[in-house]
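Trainee: Structure here, sequence nowhere to be found:
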Ligand SMILES: C[S@@+](CC[C@H](N)C(=O)[O-])C[C@H]1O[C@@H](n2cnc3c(N)ncnc32)[C@H](O)[C@@H]1O
């Protein structure tokens, strides 16, 4: 049998204190910054309990179904029948919620269930992969203290919780924090020189992305039921959804409001945990600018521009390659006002200047683009559309409309899709269990239609001779319209 993943890393035991997870005002700044789960722990009682008595019944249903799996998970003993039970439970919840509740409410609960099940899978997998050996023995004390805290906190919120479920949540947060202490570096894994636009990676990049092996090994070893379960949690739960609900869920996911389940801290943490994400984006911007002759007027439209991170990389790539930016126009479309709001600041932080006056991001999504694409596509220029980590968030039928539209095929030179690889869509429950509550459809990433598709690269790249499976997480694809291919 292969040595478990955490044993192969040969690490010293990692100690997680109570303050590492729930800091107090006297805790050191660096520890406080890292404590990204504190908000979540406080919001746990509201989880599945958003609408008073209606969802109280639901919470009881969900908890009673998931409860027997938790002790199995923390012993790393989930077996084939358990995965089947988790899959059946999830499919039942999905059908029941959709039958009995208003669409947005139903999907909010489906999201919660997906996250709860992903926590169970993550804990089980970490134990199967030998995490116990690198978890310091005193972490048991932290688990006990945290379990008490969670139980007391639930009592104050008047939400009942079983003793061993509190213990499971405490175990989950400790396991997750051990994992993060190993893989989320304190150093800048990706850094930029604002003067030249050059991007640098630390020598430890390979180590920080090593956890992807845990997820990727599942491509080879997981049973079909387990694969279906993971696929359902991250992708398949979106089937049968209408565009308005899908887009509303996306807006909620990206909102900065107090009641959002995730904190801004967690988002920043995620960017550090996925250094392949910012690095892939800078690499894609460099390649897209590199493929342009710098002379022919070039119009780049980014759909799902978020807070403008790709626009920044584009600006840096132009600088780095010494290309005339007056010959390139950029227009972003972003449906979330809150994401868009930080564009200016983001640009300023990374480049030392405000965004170029005509590099705007409109409050609009793919659907608005489809309704009025002549507003964005220009005549007598090279029109290119880019999705930077946004295609998996888009409503799938809208993407179909995009690639099937003959006028778009006529006017657009290329579509670039930078995104996670399809397999990483569903294996993400093994490294980002909390992120299973976003409306995502990883099938979108491979959408091709009649267009000619070429994968230009994937990142990180690990030669196959050293690893049974590659760690490829994100890939840049180039789509060329049928008549131009
Ligand atoms: C992971 S973020 C990527 C942001 C940015 N492009 C980047 O590279 O960092 C995905 C973005 O897709 C946006 N999005 C969600 N639904 C969309 C839709 N229907 N049309 C366009 N963008 C959408 C989200 O609001 C979010 O800002």
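Mentor: Happy to help now that I have it. What you see is a predicted model; the values in this text were computed from it and never measured. Numbers count the residues shown, from 1 in each chain.
Trainee: Does residue 334 touch residue 360 like I think?
Mentor: No - assessed by Cβ atoms under 8 Å, residue 334 is found out of contact with residue 360, at 10.3 Å. (Each C-beta comes from the backbone N, C-alpha and C, glycine too.)
Trainee: which one of those two has more residues nearby?
Mentor: Taking other Cβ atoms under 10 Å, residue 334 and residue 360 do not tie; residue 334 has more neighbours (24 against 17).
Trainee: Next one, pLDDT for the more buried one please.
Mentor: Looking at residue 334, its pLDDT reads 97.
Trainee: need the residues of the stretch 201-350 of the chain near the ligand, please.
Mentor: Neighbours of the ligand within the stretch 201-350 of the chain, by Cβ under 6 Å from any ligand atom: 247, 250, 254, 281, 303-306, 309-310, 333-336, 339.
Trainee: Between all of the residues you listed, which two are separated the most?
Mentor: Largest separation among those by Cβ to Cβ: 247 and 281, giving 23.3 Å.
Trainee: Nearest to the ligand: which residue in the stretch 151-300 of the chain?
Mentor: Closest approach between the stretch 151-300 of the chain and the ligand, counting by Cβ to the nearest ligand atom: residue 250, at 4.0 Å.
Trainee: quick one: contacts for that residue?
Mentor: By Cβ atoms under 8 Å, 6 or more residues apart in numbering, the contact list for residue 250 reads 335, 336, 393, 438, 439.
Trainee: closest to residue 44 among the residues you listed?
Mentor: Distance ranking of the contacts of residue 250 against residue 44, using Cβ to Cβ, places residue 438 first at 18.4 Å.
Trainee: And that closest one, how far from residue 455?
Mentor: 24 Å (Cβ to Cβ, to the nearest Å).
Trainee: Residue 470 now?
Mentor: According to Cβ to Cβ, residue 470 stands 13 Å off from residue 455.
Trainee: related to what we said a few turns ago, more neighbours: which of residue 438 and residue 455?
Mentor: residue 438 (19 against 13).
Trainee: so who does the more buried one touch?
Mentor: 111, 249, 250, 253, 393.
Trainee: ok, now residue 146?
Mentor: Contacts of residue 146 (Cβ under 8 Å, 6+ apart): 18, 21, 22, 41, 169, 170, 173, 174.
Trainee: Just the element for it, please.
Mentor: helix 139-156 (DSSP states H and E).
Trainee: a markdown table please, covering the contacts of residue 438 and showing pLDDT.
Mentor: Shown next, in a markdown table, are the contacts of residue 438 (pLDDT from 0 to 100):
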| residue | pLDDT |
| --- | --- |
| 111 | 87 |
| 249 | 89 |
| 250 | 89 |
| 253 | 84 |
| 393 | 95 |
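Trainee: Sort out for me which of those are in helices.
Mentor: Counting by DSSP state H, those place 111, 249, 250, 253 in helices.
Trainee: dump the residue contacts of the last one.
Mentor: By that I understand residue 253. Neighbours of residue 253 in contact, by Cβ under 8 Å, 6+ apart: 260, 437, 438, 439.
Trainee: Phi and psi next, for the spatially most central residue of the chain.
Mentor: For the chain, residue 435 is the residue whose C-alpha lies nearest the centre (Cα atoms, centre = their mean; 5.8 Å). The phi/psi pair for residue 435 (degrees, to the nearest 10) reads phi -90, psi 20.
Trainee: Leaving out sequence neighbours, find the closest residue to it.
Mentor: Distances taken as Cβ to Cβ, 6 or more residues apart in numbering put residue 428 closest to residue 435, at 6.5 Å, once the chain neighbours are dropped.
Trainee: The one you found against residue 212, yeah?
Mentor: No - checked against Cβ under 8 Å, the pair residue 428 and residue 212 is beyond contact range at 9.9 Å.
Trainee: the strands in the stretch 301-450 of the chain, which residues?
Mentor: 328-333, 360-362, 382-388, 412-420 (DSSP state E, counting those that start in this stretch).
Trainee: I figured residue 201 was touching residue 279, is that so?
Mentor: Yes - Residue 201 is within contact range of residue 279, at 6.2 Å (criterion: Cβ under 8 Å).
Trainee: between those two, who's got more neighbours?
Mentor: residue 279 (20 against 17).
Trainee: What helix or strand is the more buried one located in?
Mentor: Assessed by DSSP H and E, residue 279 sits inside helix 276-290.
Trainee: what about the helices in the stretch 351-485 of the chain?
Mentor: All helices of the stretch 351-485 of the chain, identified by DSSP state H, counting those that start in this stretch, fall at 366-371, 396-404, 406-411, 422-427.
Trainee: So which of these is the most surrounded?
Mentor: Stretch with highest mean neighbour count among the helices of the stretch 351-485 of the chain: helix 422-427 (a mean of 23; mean count of other Cβ atoms under 10 Å).
Trainee: Give the bridge partners for the nearest residue to residue 361 once chain neighbours are set aside, please.
Mentor: Leaving out its chain neighbours, the residue that sits closest to residue 361 by Cβ to Cβ, 6+ apart is residue 332, at 3.6 Å. On the basis of DSSP bridges, residue 332 is bridged to residue 302, residue 361.
Trainee: What residues does residue 332 make contact with?
Mentor: 301, 302, 305, 308, 310, 311, 343, 359, 360, 361, 362.
Trainee: give me that answer again for 10 Å
Mentor: Taking Cβ atoms under 10 Å, 6 or more residues apart in numbering as the contact definition, residue 332 lies against 300-308, 310-311, 340, 343, 355, 359-362, 364, 386, 388.
Trainee: Residue 316 too?
Mentor: 192-194, 196-199, 282, 285-286, 289, 350-351.
Trainee: What are the contacting residues of the lowest-mean-pLDDT helix or strand in the chain?
Mentor: Least confident element among the helices and strands of the chain, by mean pLDDT, DSSP states H and E: helix 264-273 (a mean of 80). Contact with helix 264-273 is made by 32-40, 179-180, 183-190, 208-209, 211, 254, 256, 260, 262-263, 277-278, 307, 309, 342, 431-432, 434-435, as judged by Cβ under 10 Å, 6+ apart.
Trainee: That helix: which residues count as buried?
Mentor: Residues of helix 264-273 classed as buried by neighbour count (16 or more other Cβ atoms under 10 Å): 265, 266, 269, 270, 272, 273.
Trainee: which two in those residues are spaced the farthest apart?
Mentor: 265 and 273 (12.2 Å).
Trainee: Dig out what residue 417 forms beta bridges with.
Mentor: For residue 417, the beta-bridge partners are residue 387, residue 477 (DSSP bridges).
Trainee: Check it and give its pLDDT.
Mentor: 98.
Trainee: Need the phi and psi values for the residue in the stretch 201-350 of the chain positioned nearest to the ligand.
Mentor: For the stretch 201-350 of the chain and the ligand, the shortest gap (Cβ to the nearest ligand atom) falls at residue 306, measuring 2.6 Å. Per-residue torsions, residue 306: phi 60, psi -130 (degrees, to the nearest 10).
Trainee: Same question for residue 299.
Mentor: phi -120, psi 110.
Trainee: Quick check: mean pLDDT of stretch 443-461?
Mentor: Taken as a whole, stretch 443-461 has a mean pLDDT of 94.
Trainee: ditto for stretch 27-43
Mentor: 91.
Trainee: Give me the buried positions along it.
Mentor: Buried, per 16+ other Cβ under 10 Å, within stretch 27-43: 32, 34, 35, 36, 37, 39, 40, 41, 43.
Trainee: Next up, phi/psi of the closest residue to residue 238 other than its chain neighbours, please.
Mentor: Excluding the flanking residues, the one nearest residue 238 by Cβ to Cβ, 6+ apart is residue 441, at 5.1 Å. With angles defined as degrees, to the nearest 10, residue 441 sits at phi -140, psi 100.
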